[in-house]
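*Asks:* Structural data only, the sequence is not supplied:
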């Protein structure tokens, strides 16, 4: 971090995080950034690692695109030299094709290869990939062993609890994965038909992971530092995966290590008081600098950065007005200047971020 005060605040929290090992894979903490489509590229993953994510996973990447040598798809495989623990997530429907794509992905230097078996999006599912694999239990052993034999690094999977409430089969898939030598399994606590609505069923996931010896990562509804902290204290998963929560609060991985029981200012879980406007402006500059290594077109860079500015500002005063101005801005330098002015004014007025977690956020699908 370029700011010593911010680095000190982060270090005071992250020093409490235990390192964990899931088989051969080592995490700096048990809190992991989930794969998110069009979000989890190398720049954002690296920023999240610097802010306390123990490991990260790439956005889901098409095996067909890799094998067709599509340039945009191959660019998605890039791993930053500074990333310490990153997995590349692939999606496809044919074991041989996934295995071949996994060999290509392995050459980019990830610590493991992950198979997406949870994406509920129609364009993925109708082609037999993502959550559609939950309905192909009979063929999973062959798919898993084919992929595992093709690569030298560990192989993992990410699943949902099942296709729908009448066919939840995560327990069965865990047993198959364990028998095939899969390194770990991440479970999103919803069915495919739930998409991102309703609540994650942590009790069902508990029963599933208690029945096997394979490491299991729990995922679902960990949108606030308090929720992440409480789940970590009360559950017994090998690690915990955070997705959308990191977009509205990029400091979630650090703030989850605060002592919520003793800090009166944190009794309302919607308020974060430790990281203010200046801290956000610093990490926005960091993200911009990392993105500039990967995007040489300033217009594309501006468009990509705007997404994160909109998410990061959520919960701060006058965020709607700021987002409107930023999203309508056509000049890159103007965008940066109004961003600097906005976040530093928040610091000047000691404005707090407040997120209403009952409000829906990105429920139309992201990976």
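*Replies:* In hand now; what should we look at? This is a predicted model, so every value here is computed, not measured. Numbering: from 1, shown residues only.
*Asks:* Tell me if residue 7 really is in a strand.
*Replies:* No: Residue 7 is assigned helix when assessed by DSSP: H, G, I helix; E, B strand; the rest coil, not a strand.
*Asks:* how close does it get to residue 283?
*Replies:* Applying CB to CB, to the nearest Å, the value for residue 7 to residue 283 is 11 Å. In short, each C-beta sits where N, CA and C put it, glycine included.
*Asks:* okay, the two: which has more neighbours?
*Replies:* residue 283 (23 against 13; other CB atoms under 10 Å).
*Asks:* gap between the more buried one and residue 52?
*Replies:* 12 Å.
*Asks:* In contact with the nearest residue to residue 248 once chain neighbours are set aside, which residues are there?
*Replies:* Nearest residue to residue 248, sequence neighbours excluded (CB to CB, 6 or more residues apart in numbering): residue 314, at 4.5 Å. By CB atoms under 8 Å, 6 or more residues apart in numbering, residue 314 lies in contact with 247-248, 353, 355.
*Asks:* Among those residues, which lie within helices?
*Replies:* Counting by DSSP state H, the members of the contacts of residue 314 that fall within helices are 247-248.
*Asks:* Quick check: the farthest pair among the contacts of residue 314?
*Replies:* Using CB to CB, the contacts of residue 314 span at most 12.9 Å, a distance reached by 247 and 353.
*Asks:* how much space between residue 47 and residue 31?
*Replies:* Distance from residue 47 to residue 31, by CB to CB: 15 Å.
*Asks:* For these two, indicate the residue with more neighbours.
*Replies:* Higher neighbour count among residue 47 and residue 31: residue 31, with 28 against 22, using other CB under 10 Å.
*Asks:* Would you mind giving both backbone torsions of the more buried one?
*Replies:* Note on residue 31: its backbone torsions stand at phi -110, psi 120 [degrees, to the nearest 10].
*Asks:* Give me the neighbour count for the closest residue to it other than its chain neighbours.
*Replies:* Leaving aside its chain neighbours, residue 31 sits nearest to residue 253 (4.9 Å; criterion: CB to CB, 6+ apart). The number of residues packed near residue 253 is 29, by other CB under 10 Å.
*Asks:* ok, residue 253 - contacts?
*Replies:* Listed by CB under 8 Å, 6+ apart, the contact set of residue 253 reads 14, 29, 31, 33, 48, 51-54, 242, 246.
*Asks:* So the residue nearest to residue 248: helix, strand or coil?
*Replies:* Residue 314 ends up coil, using three-state DSSP.
*Asks:* how near is the spatially closest residue to residue 96 that is not a sequence neighbour to residue 338?
*Replies:* On the basis of CB to CB, 6+ apart, the spatially nearest residue to residue 96 that is not a chain neighbour turns out to be residue 146, at 6.2 Å. Look at residue 146 and residue 338: by CB to CB, they are 52 Å apart.
*Asks:* What of residue 182?
*Replies:* Separation of residue 182 from residue 338 (CB to CB): 47 Å.
*Asks:* So the two - more neighbours on which side?
*Replies:* Using other CB under 10 Å, the more surrounded residue of residue 182 and residue 338 is residue 182, with 25 against 16.
*Asks:* residues contacting the more buried one?
*Replies:* 144, 148, 155-157, 214.
*Asks:* Quick check: the farthest pair among those residues?
*Replies:* Largest separation among the contacts of residue 182 by CB to CB: 148 and 214, giving 13.3 Å.
*Asks:* More neighbours: which of these two?
*Replies:* residue 214 (20 against 17).
*Asks:* Where does the more buried one sit: helix, strand or coil?
*Replies:* Recorded secondary structure, residue 214: coil (three-state DSSP).
*Asks:* C-terminal to the helix or strand bottoming out on mean pLDDT in the chain, what's the next element?
*Replies:* Lowest by mean pLDDT, DSSP states H and E among the helices and strands of the chain is strand 271-272, with a mean of 57. Next helix or strand after strand 271-272 toward the C-terminus (DSSP states H and E): helix 277-294.
*Asks:* quick one: buried residues of that following helix?
*Replies:* For helix 277-294, the neighbour count (16 or more other CB atoms under 10 Å) marks 277, 279-284, 286-288, 290-291 as buried.
*Asks:* by contact count, what packs against that helix?
*Replies:* Judged by 3 or more CB pairs under 8 Å, 6 or more residues apart in numbering; DSSP states H and E, helix 277-294 is in contact with helix 4-14, helix 42-50, helix 298-312, helix 332-348.
*Asks:* Rebuild the buried residues of helix 277-294 as TSV, extending it with pLDDT and distance to residue 119.
*Replies:* Shown next, in TSV, are the buried residues of helix 277-294 (pLDDT from 0 to 100; distance: CB to CB, whole Å):
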residue	pLDDT	distance to residue 119
277	96	35
279	96	33
280	97	30
281	98	34
282	97	33
283	98	28
284	98	29
286	97	29
287	98	25
288	98	29
290	98	26
291	98	25
